[in-house]
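Peer 1: make a model of this:
(chains A, B, C and D)
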2 protein chains.
Amino acid sequence: MTTGSELPMALRAAYLTLHRRSDARFAPYGVTADQFVLLATLARAGTLTQRELAQRMPSDPSTVRAMLVLLEKHGLIQRDRHPTDSRARTVSLTSAGRRKFRQLFKAGEPIRAQMVDILHPDEVETLVGLLRRIAASLNTEYASVH
Amino acid sequence: MTTGSELPMALRAAYLTLHRRSDARFAPYGVTADQFVLLATLARAGTLTQRELAQRMPSDPSTVRAMLVLLEKHGLIQRDRHPTDSRARTVSLTSAGRRKFRQLFKAGEPIRAQMVDILHPDEVETLVGLLRRIAASLNTEYASVH
DNA sequence: CTGGAATCGTGCGTATACGTACGACCTTCT
DNA sequence: AGAAGGTCGTACGTATACGCACGATTCCAG
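Peer 2: Next comes the predicted model:
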């Protein structure tokens, strides 16, 4: 209400709605919304360690691992030993993964378009900027009194 | 990138960051961020059916049910038979639930404040408005060609 | 007032989101 | 070199987020 709850609630509602729609949209391809995010991140970056991938999603490393195990089983990504750091594993798309990503990107187009169409171009830019400021701020522990 | 992916990604990043921070903040009270949302919704509305509660969160009814089973076990909410509709069950906070909610609301204050402090008041209003338009739009199936 | 459609809650299966603890390995400092 | 401390991935447990199918009930059309 008159409290500061409106922003968090609106953020939650918007995200969950987007997530539901995306899941439904990608389901016929046997892929989830979050898997799409992972594939998109890899498509952009090429090869990453699991850690780097998790940071860019952004998601927890242990969550990403579970997703990778699944996606590897489905043949969309591959994990190899890191050339110099034998703790790490590198992750990249297979050619099947690249192909699948292109399909998904097309399939998702209507949703992205719908989000953008109801806003003016300026508003999109504003919104993205505000969201990024929020995320950046919430990632810092906000040095309290000491 | 230059595609429409920025908005969905920024929305995802902002929400997940908020969710992590909130979870960490509420953990000492034995409550999750989503449970807080549920309690807050009940605190505002009083008594609701499970269905109505799910719509307002907004979450899936089966998700809400699982949360209610947990919260009931913890003594924070109670479920009773609906007076006129014997299919439905009504949900409301117990007095322990109301007490807990007041604590949580205070505990969450710094996070809400942090979100608002880095924005001008106008920006907060703008952001909430934009998020609501997005959510509303994505909830409608966007009548395609026919 | 009766038979079909819609609605409520439940149960089950899968995927995500974390936190935490662990072993293996790298790095750095002495 | 050797020890201390950090980092990488893994494994496990819990909570959410759904979809789907089911039985029970209510609602509505005829």
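Peer 1: if I pick residue A:56, what's in contact with it?
Peer 2: By Cβ atoms under 8 Å, 6 or more residues apart in numbering or on different chains, the contact list for residue A:56 reads A:41, A:45, A:48. Backbone N, C-alpha and C define where each C-beta goes, glycine included.
Peer 1: so the last one sits against residue A:89, correct?
Peer 2: No: the pair formed by residue A:48 and residue A:89 falls short of the contact definition of Cβ atoms under 8 Å, at 10.0 Å.
Peer 1: before we move on, back to that, are any of the contacts of residue A:56 buried, and which?
Peer 2: Neighbour counting with 16 or more other Cβ atoms under 10 Å in any protein chain shown marks A:41, A:48 as buried within the contacts of residue A:56.
Peer 1: which one of the contacts of residue A:56 is nearest residue A:27?
Peer 2: residue A:41 (20.3 Å; Cβ to Cβ).
Peer 1: quick revisit: would you reformat the contacts of residue A:56 as JSON lines and include secondary structure, pLDDT and distance to residue B:102?
Peer 2: Formatted as JSON lines, those follow (DSSP: H, G, I helix; E, B strand; the rest coil; pLDDT from 0 to 100; distance: Cβ to Cβ, whole Å):
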{"residue": "A:41", "secondary structure": "helix", "pLDDT": "98", "distance to residue B:102": "41"}
{"residue": "A:45", "secondary structure": "helix", "pLDDT": "97", "distance to residue B:102": "45"}
{"residue": "A:48", "secondary structure": "strand", "pLDDT": "98", "distance to residue B:102": "45"}
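Peer 1: of all the contacts of residue A:56, which comes closest to chain B?
Peer 2: Nearest to chain B among these, counting by Cβ to the nearest Cβ, is residue A:41 at 9.1 Å.
Peer 1: is the closest residue to residue A:76 other than its chain neighbours in a helix, a strand, or coil?
Peer 2: Once flanking residues are discounted, residue A:76 sits nearest to residue A:97: 3.8 Å by Cβ to Cβ, 6 or more residues apart in numbering or on different chains. Three-state assignment for residue A:97 (DSSP: H, G, I helix; E, B strand; the rest coil): helix.
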